[in-house]
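Trainee: sequence plus the predicted model coming up.
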Amino acid sequence: MATTYDLTTDVGKVRLGIGDTGSGGAWVFTDEEITYFLSVGSTIVGGQIEALRALLISKSYRIKFANVQGIQYSDTQQVGAIMKALAILGGDMPTVSVTSNGPMDWEIEHFRDGGL
């Protein structure tokens, strides 16, 4: 699966709009995925909205917050930032609710082992 960043293409324009420019060699979506988002969204902005929605759903599956022995970790701010980006593009989504709170078993083990 290809990952390219060429601003002369719609795929590249979607990438630019969502910040998926491959900086540091890290890509979020493949070209095929962005092509799909463009087909569903019908426009470049629509493709950006679809990509951010997919990213938001992916992140919401993995929301993590832990507070173990005074060490706090939270990546919930990423979800808020993606929702703000969606609002800027006009692609607001319903509120995402977390139905379970507290540390997961693997997180307790992770912190107990010193984070290794």
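Mentor: Thanks, I have the structure now.
Trainee: got the buried residues for stretch 24-35?
Mentor: The neighbour-count check on stretch 24-35 (16 or more other C-beta atoms under 10 Å) flags Trp27, Val28, Phe29, Asp31, Glu33, Ile34, Thr35 as buried. The C-beta positions use only the backbone N, C-alpha and C, and glycine is treated the same way.
Trainee: stretch 38-54 now?
Mentor: In stretch 38-54, counting by 16+ other C-beta under 10 Å, buried: Leu38, Gly41, Ile44, Gly46, Gly47, Gln48, Ile49, Glu50, Ala51, Leu52, Arg53, Ala54.
Trainee: and Tyr73, its phi and psi?
Mentor: Phi and psi for Tyr73, reported as degrees, to the nearest 10, are phi -140, psi 130.
Trainee: tell me the secondary structure of Gln72, please.
Mentor: strand (DSSP: H, G, I helix; E, B strand; the rest coil).
Trainee: for it, grab the count of nearby residues.
Mentor: 8 (other C-beta atoms under 10 Å).
Trainee: same check on Ala66?
Mentor: Other residues within reach of Ala66, judged by other C-beta under 10 Å, total 16.
Trainee: dig out what it forms beta bridges with.
Mentor: Tyr73 (DSSP bridges).
Trainee: quick check, nearest of the buried residues of stretch 38-54 to Gly80?
Mentor: Leu52 (12.7 Å; C-beta to C-beta).
Trainee: which residues does the closest one contact?
Mentor: Ile18, Ile82, Ala85, Leu86, Leu89, Gly91 (C-beta atoms under 8 Å, 6 or more residues apart in numbering).
Trainee: mind redoing it with 6 Å?
Mentor: Ile18, Ile82, Ala85, Leu86 (C-beta atoms under 6 Å, 6 or more residues apart in numbering).
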